[in-house]
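Enquirer: Got a predicted model here, sequence first, then my questions.
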Amino acid sequence: MATRLKSKGRANFLTEYIATKKITTELQLQSALDYVKSHPVDPVDVAAFEEACGVGVVVTPEQIEDAVEEVINQYKQDLLQKRYHFNTGMLMGKARGKLKWADGKAIKNEIDMQILDLLGPKTDADKEKPVKAKAAKSGKDNVPKKLAKMVNAAEDEGSGASMNGEETRSLMEQLRGHAVNFHKTGENYKTEGYVVTPMTMELLKEHVKAVGGKVWTRFPPEPNGILHIGHAKAINFNFGYARANGGVCYLRYDDTNPEKEEEKYFTGIREMVEWLGYKPWKITHSSDYFHELHALAVELIKRDQAYVCHQKLEEIRGHNPPPSPWRNRPIQESLRLFEDMRKGKIAEGEATVRMKHIMEDGKVDPVAYRIKFTPHHRTGDEWCVYPTYDFTHCLCDSLENITHSLCTKEFQARRSSYYWLCNALDVYCPVQWEYGRLNLYYTVVSKRKIVKLITEGIVRDWNDPRLFTLTALRRRGFPPEAINNFCAKVGVTMAQVTIDPSLLESCVRDELNLTAPRAMAVLEPLKVTITNFPSDKAIDIDVPDFPAEPSKGSHKVKFGKTIYIEKTDFKENMEKGYRRLTPDQPVGLRHAGYVITLESMVKDKKGEVTELKVKCQKADMAEKPKAFVHWVSEPISCEIRLYERLFKHKHPEDPEEVPGGFLTDCNKDSLTVIPAALLDASVKGAKVYDKFQFERIGYFSIDPDSKPDKLVFNRTVNLKEDAGKNV
């Protein structure tokens, strides 16, 4: 009891019932704990409490005998048929349902006695274990759970947490299941650490009515930068938790810092949320509530829970600042000064409004309002005082009736401040739940550091494909479904995790393998002339978009006398284990149905091979070659950008691992540009962000830099290679 009940007064109350033997069973104790937790406001209604936990209820042996006999008679035929293989646990449950407060051992003994009387002693057949029939596994059951897709992805009408397309079952199961033991809507008071006041139950009653008993969450980014891979987990968690529980999710911009906010960030954030497949129920801004927040700040001062302070921000930074000499100034004086701040009569940096509260991390009297003579992108110059995160966040959650305020672990130190402020103002108080943020090795996501990479010319912009911002991942060709699946595999753990990018890349391959049509491209072309080509002109070859599933469609490619293969698919001198074209080894041409054999080579002045002369033979008439290579004929020229990791070390920001700082850890070979690769002409009409698998090379996506006469492709990921395989 002591471990399950934190309130000393309530613990003493229950202890008296136990000591006086009014509560004697585990069932009674659990019922008593449930009652006091669900009725947090004193005084306890003793009569209702005693009724809820069976105090004074006496169950006689005759009542137990009658109840068990009734249940036995209900299942008599099954008992006679199955005998001692019958599930007696069901009988126990039925009997307990009739006599809630009866002693469990007494019921069990009565059941055993009446069954023995009905069936007699156990026979040898009764003692044998029943043989369980093995159920045949369906193909669906053989699919790994991590890759399973939601069968029912239908969007509930009116749901604000809708998700387009398929969803990863594992994420939804985690959000519905025991991995997230969050409170039910309206039962905030059952959460450990939640503070109950005399106003709590009435406020919760109004809250439940406002939300209709549903889950309401919000994703509250600051519009001063671009979202990164860590935000993808936050988006999936907030929107996904709401959807999994039939609720809705806001997109709320935390726009309280006008100096750093730009319209492109607002647009970019919404675009990325929708790109990941989520549709906000409502889009709001903290600035929507500036008038309400100002009124609440005035009320906080009136309640002597806040004051105007003139200490400089430099003085009050950290956890051990000097005490404010203005902490106990008269309420009316603080009200007058706050009004002067609002009217612009006090210079920037000369005054703040501070709350009379010590945070969990030891920070004393956090700032609620500060002066900024900067026009706001939405409210213009209406305000020159702006609320801080510590003041705004919980109150906007309250004003929007958020049921579950989900945030990353670094905000755990602000939880007590969150509860304190709502309760100090007697407004509805949501529950703050923290979860572990998602980090990746070999990357930085700090806005300041990404800006440094841009200004130093190491990357081009926020959407440079070597970064792990969401715009960069989209440009590189990562499908949103793969990012969502990655978040599902990482899971909804409450611990902070750092993951190798290879797991994300694996999710990308899995998705693109199913969705990216095949094409053939040659990055380092070597000209091949077929001397006995069977036609006077090029012929059309039908190539399946997905060779493993021909029913998903196909495209035409030209096959002519002149083709191009990769330079690496030919070696003048045979090497052990090499399986492609050599003077003594033929090779097959993928999809063409022909095998080619070398006749002669053309070399330049440096002795490098510039052209091969070959003969062709139909594959069904030739000896099966050791390998088939991709090729192009009558191709189009395109630019291809190959990307590698931007940083060399796992922790580029760690001074012990990278003493010179993260800029010194950049990989100079992270981008290779191939200006004139050759590609089969079937992709000519493709659009920006269209994705393809270039056979035997990797997955590629069309870059926004593309022009009608010159496509640009970004390599998304390499093909997954089998260990030790030399193709």
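Expert: Done, it's in.
Enquirer: Burial check on residue 707, number of neighbours?
Expert: When neighbours are defined as other CB atoms under 10 Å, residue 707 has 8 of them. For every residue, glycine as well, the C-beta is placed using N, CA and C.
Enquirer: Backbone torsions only: list them for it.
Expert: phi -130, psi 160 (degrees, to the nearest 10).
Enquirer: Unless I'm misreading it, residue 706 sits right up against residue 690, doesn't it?
Expert: No - using CB atoms under 8 Å, residue 706 makes no contact with residue 690, being 9.8 Å away.
Enquirer: in stretch 588-598, what's buried?
Expert: Counting neighbours by 16 or more other CB atoms under 10 Å, one finds that the buried residues in stretch 588-598 are 588, 589, 590, 591, 592, 594, 595, 596, 597, 598.
Enquirer: Tabulate the CA atom coordinates of stretch 672-684 in CSV.
Expert: Listed next in CSV are the C-alpha coordinates belonging to stretch 672-684 (Å, rounded to 0.1, in the frame of the first residue of the first chain):
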residue,chain,number,x,y,z
THR,A,672,30.4,13.0,-56.1
VAL,A,673,28.8,14.5,-59.2
ILE,A,674,28.7,12.5,-62.5
PRO,A,675,27.8,15.1,-65.1
ALA,A,676,27.0,12.9,-68.0
ALA,A,677,25.7,9.5,-67.0
LEU,A,678,23.6,7.6,-69.5
LEU,A,679,20.0,6.5,-68.8
ASP,A,680,17.4,4.6,-70.8
ALA,A,681,15.0,7.0,-72.3
SER,A,682,11.9,5.5,-70.6
VAL,A,683,12.3,7.9,-67.7
LYS,A,684,12.4,11.0,-69.8
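Enquirer: If you average the pLDDT over it, what comes out?
Expert: Stretch 672-684 shows an average pLDDT of 95 in the prediction.
Enquirer: Quick one: distance of that stretch to the chain centre.
Expert: Here the centre of stretch 672-684 is set off from its chain's centre by 35 Å, with CA atoms, centre = their mean, to the nearest Å.
Enquirer: Show me what counts as buried in it.
Expert: The neighbour-count criterion (16+ other CB under 10 Å) identifies 674, 677, 678, 679, 680, 681, 682, 683 as the buried residues of stretch 672-684.
Enquirer: now, among those residues, which is nearest to residue 657?
Expert: residue 674 (32.4 Å; CB to CB).
Enquirer: quick one: least confident helix or strand in the chain?
Expert: For the chain, the helix or strand with the lowest mean confidence is strand 162-163, at a mean of 42 (criterion: mean pLDDT, DSSP states H and E).
Enquirer: Name the helix or strand for the residue most central in space within the chain, please.
Expert: For the chain, the residue whose C-alpha lies nearest the mean C-alpha position (CA atoms, centre = their mean) is residue 233; its distance is 2.7 Å. In the assignment (DSSP states H and E), residue 233 maps to helix 229-244.
Enquirer: Can you give the strand pairings for whichever helix or strand comes after that helix, parallel or anti for each?
Expert: With elements assigned by DSSP H and E, the helix or strand that comes after helix 229-244 is strand 248-253. Based on DSSP bridges, the pairing partners of strand 248-253 within the sheet are strand 216-219 (parallel), strand 282-285 (parallel).
Enquirer: Which residues outside the first one are in contact with it?
Expert: Outside strand 216-219, the residues within contact range by CB atoms under 8 Å, 6 or more residues apart in numbering are 161, 234-235, 238-239, 241-242, 247-252, 273, 280, 397, 400-406.
Enquirer: Point out where the stretch 351-500 of the chain drops to low pLDDT.
Expert: Scanning the stretch 351-500 of the chain for pLDDT under 70 picks out nothing.
Enquirer: For it, which segments are assigned as strands?
Expert: Counting by DSSP state E, counting those that start in this stretch, the stretch 351-500 of the chain has these strands, from start to end: 352-355, 367-371, 385-387, 404-408, 431-435, 438-440, 497-499.
Enquirer: Columns distance to residue 583 and mean neighbour count on top of the ones you listed, output as a markdown table?
Expert: Compiled in a markdown table, the strands of the stretch 351-500 of the chain are given as follows (distance: least, CB to CB, whole Å; neighbours: other CB atoms under 10 Å):
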| stretch | distance to residue 583 | mean neighbour count |
| --- | --- | --- |
| strand 352-355 | 82 | 25 |
| strand 367-371 | 78 | 23 |
| strand 385-387 | 76 | 24 |
| strand 404-408 | 61 | 22 |
| strand 431-435 | 62 | 21 |
| strand 438-440 | 47 | 20 |
| strand 497-499 | 48 | 13 |
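Enquirer: I'd like those strands as a markdown table, with distance to residue 337 appended.
Expert: Formatted as a markdown table, the strands of the stretch 351-500 of the chain follow (distance: least, CB to CB, whole Å):
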| stretch | distance to residue 337 |
| --- | --- |
| strand 352-355 | 9 |
| strand 367-371 | 11 |
| strand 385-387 | 11 |
| strand 404-408 | 31 |
| strand 431-435 | 31 |
| strand 438-440 | 43 |
| strand 497-499 | 46 |
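Enquirer: Provide the backbone phi and psi angles at the closest residue to residue 519 other than its chain neighbours.
Expert: Nearest residue to residue 519 in three dimensions, chain neighbours excluded: residue 692, at 4.7 Å (CB to CB, 6 or more residues apart in numbering). When read as degrees, to the nearest 10, the backbone of residue 692 gives phi -140, psi 150.
Enquirer: Pull up the gap between residue 692 and residue 38, please.
Expert: As defined by CB to CB, to the nearest Å, residue 692 lies at a distance of 58 Å from residue 38.
Enquirer: Please identify which helix or strand holds the closest residue to residue 626 other than its chain neighbours.
Expert: Distances taken as CB to CB, 6+ apart place residue 579 nearest to residue 626, at 4.3 Å, with adjacent residues excluded. Using DSSP H and E, no element contains residue 579; it sits outside every helix and strand.
Enquirer: Would you mind confirming that residue 579 is in contact with residue 627?
Expert: Yes - using CB under 8 Å, residue 579 and residue 627 qualify as a contacting pair, with a distance of 4.1 Å.
Enquirer: Pass me the low-pLDDT residue ranges in this structure, would you?
Expert: The low-confidence ranges in the chain, as defined by pLDDT under 70, are 1-7, 131-180, 721-727.
Enquirer: Stretch 302-311: which residues count as buried?
Expert: Of the residues in stretch 302-311, those scored as buried under the neighbour-count criterion (16+ other CB under 10 Å) are 305, 306, 307, 308, 309, 311.
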